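A.B. asks: Pasting the sequence and the predicted coordinates here, then a few questions.
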Amino acid sequence: MDHVGILSEAFYLPPGKKLVADVFRDEDVPFGTLSKNIDFQRDIGIHDIHVTDELPSVLAIAAARRALDQAGVAPGEVDLVVDFTSIPEDYVGPTWSAAGLVQQELGLENAFATAVNTGGCASYHLALKTVVSLMLADDDVTTALLFAGDRTPDLNKTYYPITVASDGGSALVLRKNAARARILGVETISIGRLHDVWYVPGLQNRQPNEEVTERLLHMYAKMDKFNEGVIPINFRMFGKVMTQLLDKLNLSFDDVDYYVYPTFSTWDQAYFMKKFGLSPEKVYTSALKHRGHVQESDMVINYAEAVEQNLIRTGDKVMVVSNGAGFAWSAALIHH
């Protein structure tokens, strides 16, 4: 029976850095405690982030080039290119996606280019689920390149009360029947009533007489909706999506060797581990302090770094899990 595996995963983080203390100063982030005695500034656990003035597509192209090189895949072998970037890119989407630009710059002349970029930080999973299904259904699609490139606006690095965002790009190469990193399954759950908890207003939502500024491209949160709609169910939904995936595969949590989880904050990671009874050795957390959150690329970057550090070994079953604006909870199980 056909399956899809991951030949390579790669990323690019720009060398420029900014202290999170300076981010908080520049963006006038509130002081004080949230629920359960959490103080955002005190408990975030992020010291500095990667920043750049480069366009998002530059970050994406750098990561995509690395992924193809690591996989040993020639440009002419790529049948499908999918952009899973979840925030505005060089131009405002969905009219424009970097998929066509990546196709052009890397010489992927035999590929079809498109985008699957809803679901916020869970867009990685939505793209993965879509592409795997397409590859298994279409004999003409054997090799796919998935990528993302994110550059947040200069004064919109803070996603209060969750995390601080870093700039960066990521990519992975999928191949039908590859022996490495077999994708056992992907499960997603979305809740429509939470569709606008996080949003980028854009010009179409400009108030009468409001000045046109970069702030119209900033990420905003409806805090009442976040506190009342997301917080009470967040970790229950993580459990639900992982359980649904494991049940479909006739597996249990005992079969999972390692977890890849977003680098949101120290307190968020601690709650995830506590909720599911996981030791720190089973969850990749070490990148948080000097990187922060790289949107949907967290899943690719954390997986790649865990492989490099021998935390993920051949034969391990790895649960890659995230949530994201939209609002979605998603999980993928990969047999490395």
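C.D. replies: Nice, I can see it. Residues are numbered from 1 along each chain as shown.
A.B. asks: May I ask you to confirm that V81 belongs to a helix?
C.D. replies: No. Read with DSSP: H, G, I helix; E, B strand; the rest coil, V81 is strand and lies in no helix.
A.B. asks: Distance check, the residue lying closest to it once chain neighbours are set aside against Q207.
C.D. replies: Distances taken as CB to CB, 6 or more residues apart in numbering place A113 nearest to V81, at 4.2 Å, with adjacent residues excluded. (Glycine included, C-beta is placed from N, CA and C.) Taking CB to CB, to the nearest Å as the measure, A113 falls 36 Å from Q207.
A.B. asks: quick one, which of these two is more surrounded?
C.D. replies: A113 (19 against 7; other CB atoms under 10 Å).
A.B. asks: can you tell me which helix or strand that one belongs to?
C.D. replies: strand 112-115 (DSSP states H and E).
A.B. asks: just L126 next, same as before
C.D. replies: Assigned by DSSP H and E, L126 belongs to helix 123-137.
A.B. asks: now do D268
C.D. replies: Assigned by DSSP H and E, D268 falls within helix 266-275.
A.B. asks: Residues touching that helix, excluding its own?
C.D. replies: Residues outside helix 266-275 that contact it (CB atoms under 8 Å, 6 or more residues apart in numbering) are 38, 43-45, 162-163, 235, 238-239, 261-263, 278-280, 283, 285, 288.
A.B. asks: Return the set of buried residues in it.
C.D. replies: Applying a neighbour-count criterion of 16 or more other CB atoms under 10 Å, one finds T266, W267, D268, Q269, A270, Y271, F272, M273 buried in helix 266-275.
A.B. asks: ranges for the helices of the stretch 151-300 of the chain?
C.D. replies: Counting by DSSP state H, counting those that start in this stretch, the stretch 151-300 of the chain has helices at residues 223-225, 234-248, 266-275, 298-308.
A.B. asks: May I have the last one as CSV, with CA atoms only?
C.D. replies: It refers to helix 298-308. This file holds the C-alpha atoms of helix 298-308, laid out as CSV (Å, rounded to 0.1, in the frame of the first residue of the first chain):
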residue,chain,number,x,y,z
ASP,A,298,7.7,25.8,14.6
MET,A,299,6.8,22.3,13.7
VAL,A,300,9.3,21.9,11.0
ILE,A,301,12.1,23.7,12.8
ASN,A,302,11.6,21.9,16.1
TYR,A,303,11.5,18.5,14.3
ALA,A,304,14.6,19.3,12.4
GLU,A,305,16.5,20.4,15.5
ALA,A,306,15.4,17.4,17.4
VAL,A,307,16.7,15.1,14.7
GLU,A,308,20.0,17.0,14.6
